[in-house]
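**Student:** Next one to model:
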Amino acid sequence: MAYSVRGLNRLGDEMMEESESSGSSISLSSSKSSRNELSEALEKIRLSKETLSESDSKRRTESSKTKTDSDVKLQRRVVNLIKRETERASTNIVMHVKYYSSPLRLILKTKFLTLSPDEKIRYASTLKMSAFVKNDLISEWNAKDFFGLKVLVKMYRLYKMVFPMLGTHEQFMEHFKPGDIGNEPHKDTIYYLFNYVMNPGVGHYSPTSAVPLEHEVHQWLTGFLADRVQLIEEVGFDLVDYQKEFIKKLAFEMNVLASTLFKKPISFKYYVSEKNIHKESMSAEQVMMDLYKMYESFSALNIVAQQMMFWMNQDDSMQGQPRAILGGGDKKKALQNKK
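**Tutor:** Residues are numbered from 1 along each chain as shown. Modelled structure (predicted):
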């Protein structure tokens with residue numbers, strides 16, 4: 001799916017619930033909405049947040065009506081529960097990454113940074129996007145934006161420096177699909193993006209001011225099945241095994257996202273007049289160049305241009321970082337690290 005305004009809206013519609021609860025949204029008049037890629041991802045996030053408590057309670061009630069449940073039935077229940085929880089948690093993380101690192105979102109948000117408050121409102125009202133996405137684009141630059149920009153730069157780094165060396169599907173799978181977690185021959189590439197998403201580091205708002213880029217994606221990783229440990233162990237399963245599979249799924253899905261991101265066109269629509277809709281298209285790679293030029297051309301944003309160049313040319317040391325996959329050592333202890 002291309003990075004179109006339809007995807008942006010579908011992601012945005014889902015994040016709207018969170019922003020409304022915080023009371024931080026901006027009211028936009030003449031808000032014209034469509035479904036787009038970001039909104040699609042946000043819809044999946046909302047669906048993945050549905051609680052299992054009601055269905056679990058119903059199953060327990062039905063189970064109490066019988067004298068006993070067979071071990072086989074209980075195991076099936078646990079396996080199905082784990083499958084649903086894995087899909088929900090992985091969807092949340094991947095879609096949050098996809099939303100915040102969207103080239104379309106970042107190029108539009110950067111453009112808004114250069115506009116006056118009145119210009120922001122006028123320009124936002126022309127965009128064929130959901131209200132939440134518009135509010136997000138208008139809002140001040142924050143740690144989540146730095147998080148998305150850093151992950152996008154790291155995906156671009158893979159695109160320019162690693163993917164060209166992999167000529168076949170088999171080579172891609174060898175370098176980017178997890179196997180024996182942490183001990184794969186190519187773990188440095190396999191867990192490259194995963195490590196940055198889980199250890200985003202810092203972003204500089206000014207030459208002297210840095211803020212942590214910690215992101216809520218951690219709650220789905222560290223809290224994965226934490227409240228189900230007793231049930232899982234009751235049927236003879238090991239939570240760590242499922243944590244490993246969860247991490248492998250996340251790492252691979254992020255790698256697939258990075259492998260396709262810069263091959264897709266980026267487009268969005270805006271209203272020239274009430275009945276005249278214009279579509280603007282560009283490549284994701286061109287967006288990277290445009291972002292850097294925009295940051296570099298405005299003195300207030302120059303630190304962001306420096307940050308982009310630093311992230312593009314240097315990698316953080318993941319030694320000692322919580323949630324990082326380094327290989328070797330006590331893997332079980334690393335997976336259980338909740339910090």
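
**Student:** and the residue most central in space within the chain, which of the three is it?
**Tutor:** For the chain, the residue nearest the mean C-alpha position is Val97 (1.2 Å; CA atoms, centre = their mean). Per DSSP: H, G, I helix; E, B strand; the rest coil, the secondary structure class of Val97 is helix.

**Student:** what's the spacing between it and Leu213?
**Tutor:** Val97 sits 12 Å away from Leu213, going by CB to CB, to the nearest Å. Every residue, glycine included, has its C-beta placed from N, CA and C.

**Student:** ditto for Leu291
**Tutor:** 17 Å.

**Student:** Count the residues that sit near the closest residue to Asp316 other than its chain neighbours.
**Tutor:** Using CB to CB, 6 or more residues apart in numbering and skipping the chain neighbours, the partner closest in space to Asp316 is Gly201 (5.5 Å). Look at Gly201: counted by other CB atoms under 10 Å, it has 16 neighbours.

**Student:** Check the one 10 residues further on too.
**Tutor:** Counted with other CB under 10 Å, the neighbours of Val211 add up to 12.

**Student:** quick one: what helix or strand has it in it?
**Tutor:** strand 209-212 (DSSP states H and E).

**Student:** Report the mean confidence score over that strand.
**Tutor:** Here strand 209-212 scores 89 as its mean pLDDT.

**Student:** Parallel or antiparallel, which strands does it pair with?
**Tutor:** Sheet pairing of strand 209-212 (DSSP bridges) gives strand 202-206 (antiparallel).

**Student:** What number of residues are in the vicinity of Arg105?
**Tutor:** Neighbours of Arg105 (other CB under 10 Å): 26.

**Student:** Give me the distance between it and Met309.
**Tutor:** Taking CB to CB, one finds Arg105 at 21 Å from Met309.

**Student:** same check, this time on Met161
**Tutor:** 15 Å.

**Student:** Which one's more surrounded, the two?
**Tutor:** Each of Met161 and Met309 has its neighbours counted (other CB under 10 Å); Met309 has more, 14 against 10.

**Student:** Report the buried residues of stretch 262-271.
**Tutor:** Within stretch 262-271, the residues that count as buried by 16 or more other CB atoms under 10 Å are Phe262, Ile266, Ser267, Phe268, Lys269, Tyr270.

**Student:** Give me the subset of those residues lying in strands.
**Tutor:** The members of the buried residues of stretch 262-271 that map onto strands under DSSP state E are Ile266, Ser267, Phe268, Lys269, Tyr270.

**Student:** now the stretch 51-200 of the chain, which segments are flagged as low pLDDT?
**Tutor:** For the stretch 51-200 of the chain, the stretches flagged by pLDDT under 70 are 51-69.

**Student:** and if we set it to 80?
**Tutor:** The stretch 51-200 of the chain contains residues with pLDDT under 80 at 51-71.

**Student:** Just the helices from it, written as ranges.
**Tutor:** 53-64, 71-100, 103-113, 117-126, 131-138, 143-161, 169-176, 187-190, 192-198 (DSSP state H, counting those that start in this stretch).

**Student:** Redo those as TSV? Include distance to Ser299.
**Tutor:** Shown next, in TSV, are the helices of the stretch 51-200 of the chain (distance: least, CB to CB, whole Å):
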stretch	distance to Ser299
helix 53-64	52
helix 71-100	25
helix 103-113	12
helix 117-126	19
helix 131-138	22
helix 143-161	18
helix 169-176	39
helix 187-190	37
helix 192-198	28
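
**Student:** Nearest to Leu239 among those helices would be which one?
**Tutor:** Within the helices of the stretch 51-200 of the chain, the stretch nearest Leu239 is helix 71-100; the backing value is 9.4 Å (CB to CB).

**Student:** which parts of the closest one are buried?
**Tutor:** 74, 77-78, 81-82, 85-86, 88-100.

**Student:** Tell me where the stretch 201-339 of the chain has helices.
**Tutor:** Under the criterion DSSP H, counting those that start in this stretch, the stretch 201-339 of the chain contains helices at 218-222, 229-234, 239-261, 284-297, 302-313, 331-335.

**Student:** Switch the ones you listed over to CSV; also include distance to Asp136 and mean pLDDT.
**Tutor:** Below are these laid out as CSV (distance: least, CB to CB, whole Å; pLDDT from 0 to 100):
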stretch, distance to Asp136, mean pLDDT
helix 218-222, 20, 87
helix 229-234, 36, 90
helix 239-261, 20, 94
helix 284-297, 17, 94
helix 302-313, 18, 94
helix 331-335, 33, 40
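
**Student:** For Lys111, find the nearest of those helices.
**Tutor:** With respect to Lys111, and counting by CB to CB, the nearest of the helices of the stretch 201-339 of the chain is helix 284-297 at 7.4 Å.
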